[in-house]
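Student: predicted model, plus sequence, below.
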Amino acid sequence: MPMQDRAIRTRRKILSAAAEVFETRGYQSATISEVLKAAGVTKGALYFHFQSKEELAQGVLHAQEQGITLPPRASKIQELVDVVMLHAHRLHTDPMVRAGVRLSMDQTSHGLDRKGPFRVWAALARDLLDDARTQGELLPHVDTEDTADVLTGSFAGIQSMSHALTDYDDLMQRTSVLLRHILPSVVNPSLIAHLDLTPTRGTAVYAEVHAQLSTNASHDSGT
């Protein structure tokens, strides 16, 4: 195996182990030793990629949003809905995403900069809302930056509530309800009836994305 491929595999292995430890223990209680044990790598291998527990945590925070690219939608509001519902689905099913959210929400994570994910989410929502305004999908009064912040903060709260009450089992239902309450105040009424806001939307989008990835992989391999 080429050295670069081996390094990439080792890094992914370490991040997966760190995600498991951070989700279970939280940032403050987690230790490098626990990550080493879960990953089954040497201390030298770990420190080659990550110099500290904070770097490990930042790696998990960054990794949770990698590898998933949503196809553009004709309606930018539907695209925004799909981004939110896809994240809800992945939070319910993907340990890396669960760990990243736990780190983002953990107010006891002293010394860890948790601002990044919130800024990324707010910027993504604002950009899609700006595109929606260009296409005439928003009501005239809407401030896209304020709306993006409200949506990001509300979604974070829904995630915390769902985690506390059902360990995310009802997250997609709660997210659907959230969107059905927020969007009518910002989206043109003529568009609302055409949006898919159902709780199963995230699962459908996830299947669509992975089918496209499989198709692309087949084309790349020449099969």
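Tutor: Arrived safely. Residues are numbered from 1 along each chain as shown.

Student: C-alpha from now on. contacts and neighbour counts both.
Tutor: Fine.

Student: so which bits of stretch 173-186 are buried?
Tutor: Under the neighbour-count criterion of 16 or more other C-alpha atoms under 10 Å, stretch 173-186 has Gln173, Arg174, Thr175, Ser176, Leu178, Leu179, Leu183, Val186 buried.

Student: that should have said stretch 127-147, apologies.
Tutor: Asp127, Leu128, Leu129, Asp130, Asp131, Ala132, Arg133, Glu137, Leu138, Thr144, Glu145, Thr147.

Student: now do the same end-to-end measure for it.
Tutor: Counting by C-alpha to C-alpha, to the nearest Å, you get 11 Å between the two ends of stretch 127-147.

Student: low pLDDT regions in this structure?
Tutor: Scanning the chain for pLDDT under 70 picks out 1-3, 65-67, 214-223.

Student: strands of that one, start to end?
Tutor: Listed in chain order, the chain contains no strands at all (DSSP state E).

Student: re earlier: now, the most widely separated pair of the buried residues of stretch 127-147?
Tutor: Spatial extent of these (C-alpha to C-alpha) is set by the pair Glu137 and Glu145 at 15.6 Å.

Student: now do the helices in this protein.
Tutor: For the chain, helices defined by DSSP state H occupy the ranges 3-29, 32-39, 43-49, 53-63, 76-93, 95-105, 115-134, 144-166, 171-182, 189-192, 201-221.

Student: of the buried residues of stretch 127-147, which is the nearest to Arg25?
Tutor: Nearest member of the buried residues of stretch 127-147 to Arg25, counting by C-alpha to C-alpha, is Thr147, at 33.6 Å.

Student: list the contacts of that closest one.
Tutor: Residues near Thr147 by C-alpha atoms under 8 Å, 6 or more residues apart in numbering: Arg126.

Student: check contacts around Asp94.
Tutor: Counting by C-alpha under 8 Å, 6+ apart, Asp94 touches no other residue.

Student: of the helices of the chain, which approaches Thr69 most closely?
Tutor: Nearest to Thr69, of the helices of the chain and by C-alpha to C-alpha, is helix 201-221 at 7.3 Å.

Student: before we move on, back to that, format the helices of the chain as a markdown table; extra columns: distance to Thr69.
Tutor: Shown next, in a markdown table, are the helices of the chain (distance: least, C-alpha to C-alpha, whole Å):
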| stretch | distance to Thr69 |
| --- | --- |
| helix 3-29 | 19 |
| helix 32-39 | 28 |
| helix 43-49 | 25 |
| helix 53-63 | 13 |
| helix 76-93 | 9 |
| helix 95-105 | 15 |
| helix 115-134 | 13 |
| helix 144-166 | 19 |
| helix 171-182 | 20 |
| helix 189-192 | 24 |
| helix 201-221 | 7 |
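
Student: what distance separates the start and the end of stretch 163-181?
Tutor: End residues of stretch 163-181 are separated by 21 Å (C-alpha to C-alpha).

Student: ok, stretch 160-175 next?
Tutor: Using C-alpha to C-alpha, the two ends of stretch 160-175 sit 12 Å apart.

Student: which residues touch it?
Tutor: 84-85, 88-89, 91-92, 105, 155, 158-159, 198-200, 202.

Student: pull out the buried positions in that stretch.
Tutor: Here stretch 160-175 shows Ser160, Met161, Ser162, His163, Tyr168, Asp170, Leu171, Met172, Gln173, Arg174, Thr175 as buried, counting by 16+ other C-alpha under 10 Å.

Student: and for stretch 114-122?
Tutor: Arg114, Pro117, Phe118, Trp121, Ala122.
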